[in-house]
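In: Return a 3D structure for these sequence lines:
(chains A, B, C and D)
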Number of protein chains: 2
Amino acid sequence: MDQTETGNQTYSIGQLAEEFDVTSRALRLYEEEGLLNPLREGTRRIYRERDRVRLRLILRGKRLGWSLSEIRESFDLYDSSHGEEAQLELMLEKLGQRRDVLNAQKKDIDNALADLERIAANAGAALREIRSSQRKLSHG
Amino acid sequence: MDQTETGNQTYSIGQLAEEFDVTSRALRLYEEEGLLNPLREGTRRIYRERDRVRLRLILRGKRLGWSLSEIRESFDLYDSSHGEEAQLELMLEKLGQRRDVLNAQKKDIDNALADLERIAANAGAALREIRSSQRKLSHG
DNA sequence: TGAGTAGTTGACGTTAACGTAAACGTAAGG
DNA sequence: CCTTACGTTTACGTTAACGTCAACTACTCA
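Out: Predicted coordinates:
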């Protein structure tokens, strides 16, 4: 079969660190915490596409304010899609909780955005006022 | 004039802590960091409506993953709506940056929600499969 | 008057998420 | 062969955001 050559590329820790603008120290920490699992070539770490995907998810989690252990829990959810009945039920419950939190977070963001808009509108008005009075003076 | 009696109520640190489910230690910390400014009655802290409003904003900020100093910066933005021209321009720029970050965060959330949906759909399917095969067995 | 209850100010402890430095290994290049 | 670049582990340092005493004050109430 024509084995597709997609995703066979590998990366050193330095390459990955530079690409995602994190330090190699951070990558090693994420590995210690069970968030990444690079291959080894002797002692050196070899990262593959799946590690890049995971790193992307890690960084997204961080942007959402998650702790590393919360991020790992989300990976665990993802990985254990194939369990037994009780397992799956628990999982669906946790997924529901996460969804609720995310939706609440969206509301918080919308409220914060609305606040920003109000403040910006005031500031914009104040600024136009200042500038219009400046024009008057310069025409005196 | 009929001075409206709205918002004249005050709160002790314990009351406020219980209402918002934070510790009094946290409230004192927020004060140290310049996020809250309760009155004093002798040595005791007296919180008013404006402090409650601020606390609400603090907790919202925390839910969005902001640090205390980021939260304070946002308060500073709010408070300095009445500055001079350069000040206002700088402010509008910062407001724009915050808005961009918040919008990016919304996208992250939407992506995370989409991921959750996919996982939940898979888990749900797996669960139904298990249950249907269980029914078959019980009818054997 | 004595015991609670709630508040105060230090000050030290703790956890997460890295930063930073030391001491070492290894492959490439001049 | 020696340097340079990049990697490794080990371990201690740092910052934020509190937690947790300890020692003290002030008020109330039986």
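In: need the residues of chain A near DNA strand C, please.
Out: A:23, A:25-26, A:29, A:33, A:42-43, A:62, A:67-69 (CB under 7 Å from any atom of the strand). Just so you know, the C-beta spots here come from the backbone N, C-alpha and C atoms, and that holds for glycine as well.
In: Please repeat the previous calculation with a cut-off of 6 Å.
Out: Taking CB under 6 Å from any atom of the strand as the test, the list of chain A residues beside DNA strand C reads A:23, A:25-26, A:29, A:67-69.
In: for the lengthiest helix in chain A, packing partners?
Out: The longest helix of chain A (DSSP state H) is helix A:85-138. Packing contacts for helix A:85-138, counted by 3 or more CB pairs under 8 Å, 6 or more residues apart in numbering or on different chains; DSSP states H and E, involve helix A:68-79, helix B:49-63, helix B:68-79, helix B:85-138.
In: which one of the residues of chain A next to DNA strand C sits closest to B:Leu137?
Out: Set against B:Leu137, the nearest of these by CB to CB is A:Ser69 (38.8 Å).
In: Let me have the helices and strands packed on helix A:85-138 in JSON lines, extended by distance to DNA strand D and mean neighbour count.
Out: Converted to JSON lines, those look like this (distance: least, CB to the nearest atom of the strand, whole Å; neighbours: other CB atoms under 10 Å in any protein chain shown):
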{"stretch": "helix A:68-79", "distance to DNA strand D": "14", "mean neighbour count": "16"}
{"stretch": "helix B:49-63", "distance to DNA strand D": "6", "mean neighbour count": "17"}
{"stretch": "helix B:68-79", "distance to DNA strand D": "3", "mean neighbour count": "16"}
{"stretch": "helix B:85-138", "distance to DNA strand D": "16", "mean neighbour count": "14"}
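In: For A:Ala112, find the nearest of the ones you listed.
Out: Comparison of the helices and strands packed on helix A:85-138 against A:Ala112 by CB to CB identifies helix B:85-138 as nearest, at 5.9 Å.
In: What average pLDDT does the closest one get?
Out: Helix B:85-138 shows an average pLDDT of 93 in the prediction.
In: which ones are touching the residue in chain A positioned nearest to DNA strand D?
Out: Closest residue of chain A to DNA strand D, CB to the nearest atom of the strand: A:Gly14 (2.5 Å). By CB atoms under 8 Å, 6 or more residues apart in numbering or on different chains, A:Gly14 lies in contact with A:Ser24.
In: and it, what pLDDT?
Out: 97.
In: quick one: it and A:Phe20, what's the gap?
Out: 11 Å (CB to CB, to the nearest Å).
In: Next, the angle from the longest helix of chain A to helix B:49-63.
Out: For helix A:85-138 against helix B:49-63, the angle by axes from the mean of the first three to the mean of the last three CA atoms, to 10 degrees is 120 degrees.
In: returning to what we had before: quickly find the element holding the residue of chain A closest to DNA strand D.
Out: In this assignment (DSSP states H and E), A:Gly14 forms part of helix A:13-20.
In: How far away from the center of its chain is that helix?
Out: Relative to its parent chain, helix A:13-20 has a centroid offset of 16 Å by CA atoms, centre = their mean, to the nearest Å.
In: Give the buried residues for that helix.
Out: When burial is assessed from 16 or more other CB atoms under 10 Å in any protein chain shown, helix A:13-20 yields the following buried residues: A:13, A:16-17.
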